[in-house]
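>>> sequence unknown, structure follows:
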């Protein structure tokens with residue numbers, strides 16, 4: 001997630017908001033921590049009023065126009081589904097992505113937003129992770145006493161048109 005924050009700042013964004021997910025999973029906590037870490041590394045001020053537990057909370061508690069008035073130029077979402085929800089909310093409020101604010105997701109599962117823009121997202125390499133998990137499981141079945149295997153996989157940022165206007 002810190003890589004997405006870097007991408008936002010390299011694209012000129014200075015104030016960011018975080019939108020989490022309604023789905024309770026520990027990895028969403030890790031992703032929010034990555035957002036905070038990325039902001040600290042890039043010198044971006046983080047305010048509690050710009051962190052939302054979910055798109056539903058964002059919709060209930062603060063419309064996107066309020067974020068823009070606070071100087072928010074980019075919204076980083078816990079996953080691509082949340083990004084789609086926020087993009088739909090923006091469209092409903094008459095806002096344009098990325099002209100009014102940029103948006104990015106995580107998982108690289110959704111490619112296009114309601115306005116047709118390709119979503120900027122982080123691809124954690126889920127297929128590669130799955131193959132590694134099967135490999136490790138097969139090795140463990142062959143030799144349960146073998147030393148622990150660690151397979152590291154690097155993800156990659158997939159730049160779309162949702163973070164910077166053309």
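Now that the structure is in, tell me what you want to look at. Just so it is clear, the model here is predicted, and its values are computed rather than measured.
>>> please state the backbone phi and psi of the residue sitting nearest the centre point of the chain?
Centroid-nearest residue in the chain, with C-alpha atoms, centre = their mean: residue 105, separated by 3.4 Å. As for residue 105, its main-chain torsions (degrees, to the nearest 10) stand at phi -120, psi -160.
>>> okay, it and residue 138: tell me how far apart.
32 Å (C-beta to C-beta, to the nearest Å). All C-beta atoms are positioned from the backbone trio N, CA, C, and that covers glycine.
>>> contacting residues for the residue nearest to the centre of the chain?
77, 79, 80, 81, 82, 83, 84, 119, 120, 121, 122 (C-beta atoms under 8 Å, 6 or more residues apart in numbering).
>>> in CSV, list those residues along with secondary structure.
Formatted as CSV, those follow (DSSP: H, G, I helix; E, B strand; the rest coil):
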residue, secondary structure
77, strand
79, coil
80, helix
81, helix
82, helix
83, helix
84, helix
119, coil
120, strand
121, strand
122, strand
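>>> with respect to residue 56, which of the residues you listed is nearest?
For these, the residue nearest residue 56 by C-beta to C-beta is residue 82; the value is 9.8 Å.
>>> mind checking how far the closest one is from residue 109?
Taken as C-beta to C-beta, the span from residue 82 to residue 109 is 11 Å.
>>> the two: which has the busier surroundings?
residue 82 (28 against 15; other C-beta atoms under 10 Å).
>>> the more buried one against residue 23, yeah?
No - when contacts are counted by C-beta atoms under 8 Å, residue 82 is not listed as touching residue 23 (9.2 Å).
>>> what's across from residue 18 in the sheet?
residue 51, residue 76 (DSSP bridges).
>>> can you get me a residue count around it?
Counted with other C-beta under 10 Å, residue 18 comes out at 22.
>>> do the same with residue 100
17.
>>> repeat that for the one 10 residues further on.
Neighbour count for residue 110, taken as other C-beta under 10 Å: 17.
>>> against residue 86, how distant is the closest residue to it other than its chain neighbours?
Using C-beta to C-beta, 6 or more residues apart in numbering and skipping the chain neighbours, the partner closest in space to residue 110 is residue 80 (3.8 Å). According to C-beta to C-beta, residue 80 and residue 86 sit 11 Å apart.
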